[in-house]
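Student: here you go, sequence then predicted model.
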Amino acid sequence: MSAAEALLEVDDLVVEYGAGGGRKVHAVSGVSFELLRGETLGLVGESGCGKSSAGRALMQLPRPTAGQVRLDGEDLTLLSGEDLRRRRSKIQMIFQDPISSLNPRRRVRDIIAAPLLIAGDKDKQAREMRVRELLDAVGLDPDQAMDRRPHEFSGGQCQRISIARALILEPEVLICDEPVSALDVSVQAQILNLLHEMKDRYGLTMLFISHDLAVVKNVSDRVAVMYLGRMCELASSEALYARPAHPYTAALLSAIPEPDPAKPPQPVAMTSGELPSPLDPPSGCRFRTRCPHAQDRCAQEEPPLAEIEAGHYVACHFPLWSGAAAAD
Amino acid sequence: MEADSAEPLLSVEDLSTHFQTPRGLVRAVDGVSFELQRGRTLGVVGESGSGKSVMARTLLGLLPSVARVSDETQIWFDRQDLRQLSGADFRKLLGPEIAMVFQDPLTSLNPVMTVGAQIGESLVHHLGMRKSEARNRAIELLASVGIPLPEQRVGVYPHQLSGGMRQRVAIAMALACEPKLLIADEPTTALDVTVQAEILDLLQRQQQERHMAMILITHDLGVVAGRTDDVAVMYAGKIVERAPTKELFDNMRMPYTEALMNSIPRLDDPPHTVIQAVGGRPPDLIDPPRGCRFSPRCRYAVDRCRTDPPELSATPDRADHVFSCWYPIDRSEVAA
Ligand SMILES: Nc1ncnc2c1ncn2[C@@H]1O[C@H](COP(=O)(O)OP(=O)(O)OP(=O)(O)O)[C@@H](O)[C@H]1O
Ligand SMILES: Nc1ncnc2c1ncn2[C@@H]1O[C@H](COP(=O)(O)OP(=O)(O)OP(=O)(O)O)[C@@H](O)[C@H]1O
Ligand code: SF4
Ligand code: SF4
Ligand SMILES: [Mg+2]
Ligand SMILES: [Mg+2]
């Protein structure tokens, strides 16, 4: 893993939204990570913790409040106009709600070809060939699908169409924002398998955003956990699920209901259970108002993301284990 | 299973609910039967559109006017024949006898009334409490569902609460009159796992304290595994398998149950494990497949499956485990 090169480097990303009266929503507050070429990085955390804001900021949609997003070494936050558009086409995104993210009035052929047109491709016949090729790749019959409109398809089929649209410009990075959350379990598996196949076939690097920890484990090489705009933990999938070091990761994992009556969930108790507001996040460690291990220091000092084992990063003053403890 | 001999609280027989639509008759629920004892929880699972919510809404008498419940349908609740009750008498049961919690708490909460006033209203209306008494009881109920600072929370409106807190309020409201049966339709689907665990713990605790029966509808097999006594699996408007929860997970017989189980990623599996998706498309309920409704998607299907519908039945050794399949999976054979 260490030999792999970073395709996308995100440094100290900050996303804030105006909330009226001079107040700000602190959606993402200084998050850094890398996407290694060819890997899938999972991004998990509860609703409102800033996953989508981070994903959109990578695409400069909108441009982040602060921080750098370097694609192949080039900082996208410094580009604009045609330069930005050309570079950005290397990153594509698919969303949670496949039906509403497709224009209902347009035919599937036009929806999928739209990015080509915007990029200035004028060859109509070549475009049609590409659309056919991609429909076929995502498991839809081009002859049947090309001239129909989104409402004539099921949710799972619409997600296939948005994947085809996202791949038509041959992106290097695919950001999947809850791509299966709105789908039924049986369809979810089909789409996950399809994403896997597309990744192999087109050599994609993926950021996979989801609040479903079992799904994230299945698709990811590494996983990052966010809480209230900050990153808590980042490690290989295996290590994160086997030995979480951040109290929040441990709480999340302990709450997952497993489909096995012999393993009833034994959730780690958290304090109060109420989410603090992103308008006025707690000082120091943002998890401290719910953390069962919080101490005075947690309110005063913000814990930095530190490497406690090769490739395993944790932002906590009192991690559940540390490299030294793990050695014995 | 000790409760088996007792008279069931709820007994449903041959329940069918159809919708008249321009395209034809949608057989949303088609001949569903089950019983539920006091103090027990029945989980209902199945893919989207399999009829879980329509079944629940039929029990609650909350169907749109285009829906038609068949004449064969029998619903007995606490020795009353619900099919014979007038609309007004039926509505008297809702709240004090049968209560519900939905996926979106906003559908059961009134946006322009404070949380305390809503809970209080049903206490005044159904139990004849005085207003001040009802307010105090509302505070107690909010505390019992784990809402911090309940004295302050009685005065807030639903939109001022987080999704998890709203669902707690909806549960407090549902429990206000101590119903005998609670129907929860995807009560935690919109919530984060940590909040989900809290809400399910809460439901389970309240249920045990009150010896209430519960129908828990969900598409999450994880939720079903840890929180129910029995499970009914629905497919295309029918119950295709029903058994005590542990038995169902240990020894599933119906291929659809197996396919559903295989289609979810497991935490135990290493990353990148290939998931076995159920192929094909959900059935069209206007023109369901002949024979076994799962046959177009079943990996074990043979000719007979495509012509003869299998009945829901048990094997001689386990009367409490029923399934509808001509060629049920036999785990002992698989293991051998
Ligand atoms: N356009 C916006 N204007 C103002 N606030 C926003 C905007 N978009 C998001 N937010 C707020 O920023 C925070 C982070 O939101 P975001 O959508 O990134 O979270 P998320 O982790 O993707 O959540 P979910 O799991 O619910 O999708 C939330 O408090 C949200 O309410
Ligand atoms: N008002 C209606 N008119 C026509 N058909 C309807 C109506 N309400 C529900 N249906 C149909 O009845 C079937 C069963 O729907 P139901 O809502 O019970 O499914 P479900 O199992 O609860 O699914 P989900 O998991 O998505 O909630 C579906 O095919 C649905 O399209
Ligand atoms: S820094 Fe303190 S409050 Fe934050 S997670 Fe660690 S122990 Fe808990
Ligand atoms: S009856 Fe046949 S098609 Fe239906 S589930 Fe059993 S084996 Fe499959
Ligand atoms: Mg999001
Ligand atoms: Mg439903």
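Tutor: Thanks, I have it. Ligands and ions are numbered 1, 2, ... in the order given.
Student: neighbours of the nearest residue to A:Leu13 once chain neighbours are set aside, how many?
Tutor: Spatial nearest neighbour of A:Leu13, excluding adjacent residues (C-beta to C-beta, 6 or more residues apart in numbering or on different chains): A:Gly67 at 3.8 Å. For every residue, glycine as well, the C-beta is placed using N, CA and C. Neighbourhood size, A:Gly67 [other C-beta atoms under 10 Å in any protein chain shown]: 20.
Student: ranges for the helices of the stretch 1-150 of chain B?
Tutor: B:52-60, B:87-93, B:115-127, B:131-144, B:150-153 (DSSP state H, counting those that start in this stretch).
Student: report all helices and strands that the fourth one contacts.
Tutor: It refers to helix B:131-144. The elements that helix B:131-144 packs onto, with contact taken as 3 or more C-beta pairs under 8 Å, 6 or more residues apart in numbering or on different chains; DSSP states H and E, are helix B:115-127, helix B:150-153, helix B:163-175.
Student: between those helices, which gets nearest to ligand 4?
Tutor: Nearest of those to ligand 4, taken as C-beta to the nearest ligand atom: helix B:163-175 at 35.8 Å.
Student: tell me the buried residues in the closest one?
Tutor: B:163-175 (16 or more other C-beta atoms under 10 Å in any protein chain shown).
Student: could those go into JSON lines alongside distance to ligand 3 and pLDDT?
Tutor: Listed next are the buried residues of helix B:163-175 as JSON lines, based on distance: C-beta to the nearest ligand atom, whole Å; pLDDT from 0 to 100:
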{"residue": "B:Gly163", "distance to ligand 3": "23", "pLDDT": "82"}
{"residue": "B:Gly164", "distance to ligand 3": "20", "pLDDT": "82"}
{"residue": "B:Met165", "distance to ligand 3": "22", "pLDDT": "86"}
{"residue": "B:Arg166", "distance to ligand 3": "27", "pLDDT": "89"}
{"residue": "B:Gln167", "distance to ligand 3": "26", "pLDDT": "87"}
{"residue": "B:Arg168", "distance to ligand 3": "25", "pLDDT": "87"}
{"residue": "B:Val169", "distance to ligand 3": "29", "pLDDT": "91"}
{"residue": "B:Ala170", "distance to ligand 3": "31", "pLDDT": "91"}
{"residue": "B:Ile171", "distance to ligand 3": "29", "pLDDT": "90"}
{"residue": "B:Ala172", "distance to ligand 3": "30", "pLDDT": "90"}
{"residue": "B:Met173", "distance to ligand 3": "34", "pLDDT": "91"}
{"residue": "B:Ala174", "distance to ligand 3": "35", "pLDDT": "91"}
{"residue": "B:Leu175", "distance to ligand 3": "33", "pLDDT": "89"}
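Student: ok so, going back, right, and the helices and strands packed on helix B:131-144 - which one's nearest chain A?
Tutor: Among the helices and strands packed on helix B:131-144, helix B:163-175 comes nearest to chain A, with 7.3 Å by C-beta to the nearest C-beta.
Student: which strands border the helix or strand that that closest one is followed by, and is each parallel or antiparallel?
Tutor: Note on helix B:163-175: by DSSP states H and E, the next helix or strand toward the C-terminus is strand B:181-185. Neighbouring strands of strand B:181-185 in its sheet, by DSSP bridges, are strand B:98-101 (parallel), strand B:213-217 (parallel).
Student: you'd agree A:Gly30 is in a helix?
Tutor: No: counting by DSSP: H, G, I helix; E, B strand; the rest coil, A:Gly30 falls outside a helix, being strand.
Student: how near is it to A:Leu58?
Tutor: Separation of A:Gly30 from A:Leu58 (C-beta to C-beta, to the nearest Å) stands at 15 Å.
Student: thinking again about what came up before, for the helices and strands packed on helix B:131-144, which one sits closest to ligand 1?
Tutor: Closest approach to ligand 1 among the helices and strands packed on helix B:131-144 (C-beta to the nearest ligand atom): helix B:163-175, 9.4 Å.
Student: what helices and strands are in contact with the closest one?
Tutor: By 3+ C-beta pairs under 8 Å, 6+ apart, helix B:163-175 packs against strand B:98-101, helix B:115-127, helix B:131-144, helix B:193-210.
Student: for ligand 1, which of these is the nearest?
Tutor: So among the helices and strands packed on helix B:163-175, helix B:193-210 is nearest, using C-beta to the nearest ligand atom, at 11.7 Å.
Student: what's the burial count for residue 228?
Tutor: Because you didn't say which chain, this covers chain A. 26.
Student: actually, chain B is the one I wanted.
Tutor: B:Thr228: 24 neighbours (other C-beta under 10 Å).
Student: so who does the residue nearest to it when sequence neighbours are not counted touch?
Tutor: Spatial nearest neighbour of B:Thr228, excluding adjacent residues (C-beta to C-beta, 6+ apart): B:Gly43 at 3.5 Å. The contact partners of B:Gly43, taken as C-beta atoms under 8 Å, 6 or more residues apart in numbering or on different chains, are B:Leu216, B:Ile217, B:Thr218, B:Val223, B:Val224, B:Arg227, B:Thr228, B:Asp230, B:Val231, B:Ala232, B:Thr245.
Student: B:Leu202 and B:Leu127: what is the separation?
Tutor: Taking C-beta to C-beta, one finds B:Leu202 at 22 Å from B:Leu127.
Student: who has more neighbours, those two?
Tutor: B:Leu202 (19 against 15).
Student: pLDDT score for that one?
Tutor: B:Leu202 carries a pLDDT value of 85.
Student: quick one: contacts for it?
Tutor: B:Val145, B:Gly146, B:Arg168, B:Ile171.
Student: make it 6 Å
Tutor: Neighbouring residues of B:Leu202 by C-beta atoms under 6 Å, 6 or more residues apart in numbering or on different chains: B:Val145.
Student: quick one, phi psi at the residue of the stretch 51-200 of chain A at minimum distance from ligand 3?
Tutor: At 18.8 Å from ligand 3, A:Lys51 is the closest residue in the stretch 51-200 of chain A, using C-beta to the nearest ligand atom. Backbone torsions for A:Lys51, taken as degrees, to the nearest 10, come to phi -60, psi -50.
Student: name whatever forms a beta bridge with the residue nearest the centre of chain B.
Tutor: Closest to where the C-alpha atoms of chain B average out (C-alpha atoms, centre = their mean) is B:Ile217, at 2.8 Å. Under the criterion DSSP bridges, B:Ile217 forms beta bridges with B:Val44, B:Asp185.
Student: that one reaches B:Ser50, doesn't it?
Tutor: No: contact criterion C-beta atoms under 6 Å: B:Ile217 and B:Ser50 do not qualify, at 10.4 Å.
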